[in-house]
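Student: sequence and predicted structure are below.
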Amino acid sequence: MQGLDDKREFAEVMKATLAIYGKDASKAVLELYWHALLPYDIGTVRHAFSNWLTDPDQGRFSPKPADIIRNIQHISGKPDWLSANEAWALALPAQDEANTVVWTNEIAQAWSIAQPIMREGDKVGARMAFIAAYERLIKAAQGTGRAPEWSVSEGWNKEAVKGTVEQAVTTGLLPKPKAEKYQLLISDKERLGEGVPTKIRRFLSELKEKVKLNQGERVQVWRDESIRLQDSLDNKYQQSLKQAADHGLPSNQIIED
C-alpha cells in the first residue's frame, strides 16, 4: 500500500472492522496495523479483512495483523506456516543424523537452540525453548509477508532420502517442482557410478575383496594363536601333574602358573 488514497481507504476498513468488535480505532492502533500490512496492496488487504469477517470461525474474534497476513497468504496461494507444535514434531527426527529432514529455515534455527538442551536429556525444556524461538522467528517472517520456504536437510542414510522427499510432497510440505529438482539430484548421485571407467570399477572391486581377505586372514591368525596358547597351557598342566605324581603330591595341591 502507498499514497494518501490507500491510507484513507485502509483507515476506513480498519475503523469499520474494529467497530464491529467494539475495539479502539485510535491513531496509534491504525498506525500499528498500517505498518504491519504495508507490503500488500490495498485491494488484497480489503479482501483479507472481508474474508475474516465472513468466516464463521475466525469472524467471531477481532483480527490481529498476523491474522490478516495469514488470510492474504491464503488469497495469494502461499503456503501457511506450521504451528509451533507441528514444527516441533517435524524437527524431532533431526536428533539422529542419519535421518533426512524437510523443514524451513525457522524450524532449523529453532532446533539449533533446542538441540543442546535435548542432548542433556531435558525434552520438556528443549520443547519450550524450541516453541519460543520458532514463534519469535515466524512472527518476524509474517511481519514482512514472507511465506515459508522448505528445504531438504539430507542425513547420512542415503537410502531414506528419496522416501522422505516423496512423503513431504504427499503431505504438501515440499512444492512438487522443488521435490522433482531434488529427486533428479538423487538420481544423478545414484547414476554416478555408471560413468566410472571399467578398469577403475574393477580395481575398486578387487580392493574391496582384498580388504575382506585381509580381515579374514587376521581372524584366522588370531584363532591359530589362541589354539597354540591353549595347547601350551594344556601341556604345562600335564607336566605339572606328572611332576606331582613323581613326588607323591596329591593333584589338588598343584598350583598352576
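Tutor: On my side now, so go ahead.
Student: for the stretch 51-200 of the chain, which spans come out with low pLDDT?
Tutor: 76-79, 145, 175-200 (pLDDT under 70).
Student: change it to 90
Tutor: 51, 55-59, 64-83, 97-98, 100, 138-200 (pLDDT under 90).
Student: now do the helices in the stretch 1-150 of the chain.
Tutor: Secondary structure of the stretch 1-150 of the chain (DSSP state H, counting those that start in this stretch): helices at 3-20, 27-37, 42-54, 65-75, 84-91, 105-119, 123-143.
Student: to residue 156, which of those helices lies closest?
Tutor: helix 105-119 (16.9 Å; Cβ to Cβ). (Each C-beta comes from the backbone N, C-alpha and C, glycine too.)
Student: residues of the closest one that come out buried?
Tutor: With burial defined by 16 or more other Cβ atoms under 10 Å, the residues of helix 105-119 counted as buried are 106, 107, 110, 111, 114, 117, 118.
Student: re the thing from before, and of the helices of the stretch 1-150 of the chain, who's closest to residue 237?
Tutor: That would be helix 105-119 among these, by Cβ to Cβ, at 52.6 Å.
Student: chain center to the closest one: distance?
Tutor: The chain centroid and the centroid of helix 105-119 are separated by 9 Å under Cα atoms, centre = their mean, to the nearest Å.
Student: so it versus helix 123-143, what angle?
Tutor: Using axes from the mean of the first three to the mean of the last three Cα atoms, to 10 degrees, the inter-axis angle of helix 105-119 relative to helix 123-143 is 170 degrees.
Student: what are the contacting residues of helix 105-119?
Tutor: 81-82, 87, 90-91, 94-95, 103, 125-127, 129-131, 133-134, 137-138, 141, 148-149, 151, 153 (Cβ atoms under 8 Å, 6 or more residues apart in numbering).
Student: 10 Å instead, please
Tutor: 81-82, 84, 86-88, 90-92, 94-95, 101, 103-104, 122-141, 146, 148-151, 153 (Cβ atoms under 10 Å, 6 or more residues apart in numbering).
Student: outline the domain layout of the chain.
Tutor: Taking automatic domain parsing as the reference, the chain has its domains at 3-75, 84-192, 198-253.
Student: next, the distance between the ends of the first one.
Tutor: Start to finish, the residues bounding domain 3-75 are 23 Å apart (Cα to Cα, to the nearest Å).
Student: residue 90 touches residue 104, doesn't it?
Tutor: Yes - using Cβ atoms under 10 Å, residue 90 is in contact with residue 104, at 9.0 Å.
Student: hey, what's in contact with both of the two?
Tutor: Counting by Cβ under 10 Å, 6+ apart, the residues touching both residue 90 and residue 104 are 82, 173.
Student: ok, the two, which is more surrounded?
Tutor: residue 104 (23 against 19; other Cβ atoms under 10 Å).
Student: tally of neighbours for the closest residue to that one other than its chain neighbours?
Tutor: Of all residues not flanking residue 104 in the chain, residue 148 sits nearest, at 4.7 Å (Cβ to Cβ, 6 or more residues apart in numbering). Number of residues near residue 148 (other Cβ under 10 Å) recorded here: 20.
Student: and residue 152, helix, strand or coil?
Tutor: The three-state label given to residue 152 by DSSP: H, G, I helix; E, B strand; the rest coil is strand.
Student: the one 3 residues further on now?
Tutor: In three-state terms, and counting by three-state DSSP, residue 155 is coil.
Student: tally of neighbours for it?
Tutor: That count, for residue 155 with other Cβ under 10 Å as the rule, works out to 17.
Student: residue 146 against residue 138, yeah?
Tutor: Yes - between residue 146 and residue 138 a contact is recorded at 9.3 Å, counting by Cβ under 10 Å.
Student: any idea how far stretch 87-96 is from the chain center?
Tutor: That offset, for stretch 87-96, works out to 5 Å (Cα atoms, centre = their mean).
Student: buried residues, it. List them.
Tutor: 87, 88, 90, 91, 92, 93, 94.
Student: so which two of the residues you listed are the farthest from each other?
Tutor: Using Cβ to Cβ, the buried residues of stretch 87-96 span at most 12.4 Å, a distance reached by 87 and 93.
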